[in-house]
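Chemist: Requesting a structural model of the entry that follows:
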Amino acid sequence: MKAKASIDLPARVGAAEALWYDTRRWAAFVDGLHHVERVEGDWPRVGAKVRWASTPDGRGLVEELVERYEVRSGQTLSVEDEQIVGAQTVTFTPKPEGTSEITVELEFRVKNMNAVGAALSSLFIRRAMSDMLRRTLSRFRRELRGDLELERDGVPVAER
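Modeler: Below you'll find the model as predicted:
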């Protein structure tokens with residue numbers, strides 16, 4: 001199954017990328033994330049890992065391993081939680097006038113699913129995952145706008 005969402009951003013790819021890969025800021029925009037438990041390796045580069053815990057009604061513990069990373073382009077992660085296993089790809093696309101677009105695609109399968117469950121999952125789980133990605137991107141854009149406003153006001157990055 002596949003879930004996908006895209007959104008236009010009011011910043012260049014570099015600024016968007018800096019926020020997206022800052023695991024200390026994920027709780028502000030990743031839907032369902034409670035806290036990052038640990039980061040191993042040279043995040044966001046290939047081989048790095050992140051383990052995060054969801055809110056009580058969320059996905060439980062989520063493990064992400066970087067499979068592909070390209071500066072100013074994107075990243076592919078292998079993703080696993082208590083219910084799904086798959087791959088998540090984020091792509092940054094430059095747009096005119098200093099803006100950009102971010103696309104997140106999650107290709108996944110539900111663990112331990114029988115035939116009936118698989119049929120139902122295509123109706124409900126894929127939609128829930130797509131909604132989760134849209135909420136994440138909407139919050140991400142809001143957070144990025146806030147950063148841009150602070151930057152215009154002269155607030156240093158370290159004070160955010």
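
Chemist: How about the contacts made by the closest residue in space to Val30 that isn't next to it in sequence?
Modeler: Using C-beta to C-beta, 6 or more residues apart in numbering and skipping the chain neighbours, the partner closest in space to Val30 is Thr136 (5.5 Å). Any C-beta I mention is one placed from the backbone N, CA and C, and that applies to glycine too. Thr136 sits next to Ala5, Phe29, Val30, Asp31, Val104 when contact means C-beta atoms under 8 Å, 6 or more residues apart in numbering.

Chemist: same thing but at 7 Å, please
Modeler: Phe29, Val30, Asp31 (C-beta atoms under 7 Å, 6 or more residues apart in numbering).

Chemist: The residue nearest the centre of the chain and Pro96, how far apart?
Modeler: Note on the chain: the residue nearest the mean C-alpha position is Val30, at 6.2 Å, using C-alpha atoms, centre = their mean. Remark: distance between Val30 and Pro96 (C-beta to C-beta, to the nearest Å) = 28 Å.

Chemist: same check, this time on Pro10
Modeler: From Pro10 across to Pro96, the span is 12 Å (C-beta to C-beta).

Chemist: Who has more neighbours out of these two?
Modeler: Each of Pro10 and Pro96 has its neighbours counted (other C-beta atoms under 10 Å); Pro10 has more, 15 against 6.

Chemist: Surely Arg135 is in contact with Leu33?
Modeler: No: Arg135 lies out of contact with Leu33 (C-beta atoms under 7 Å); the separation is 11.1 Å.

Chemist: Those two: which has the busier surroundings?
Modeler: With neighbours defined as other C-beta under 10 Å, Arg135 and Leu33 compare such that Leu33 has more, 19 against 15.

Chemist: tell me the pLDDT at that one?
Modeler: Here, the pLDDT recorded for Leu33 equals 97.

Chemist: List the buried residues of the helix ranked longest in the chain.
Modeler: Taking DSSP state H as the criterion, the chain has its longest helix at helix 115-152. By 16 or more other C-beta atoms under 10 Å, the buried positions in helix 115-152 come out as 121, 125-126, 129-130, 132-134, 136-137, 140-141, 143-144, 147.
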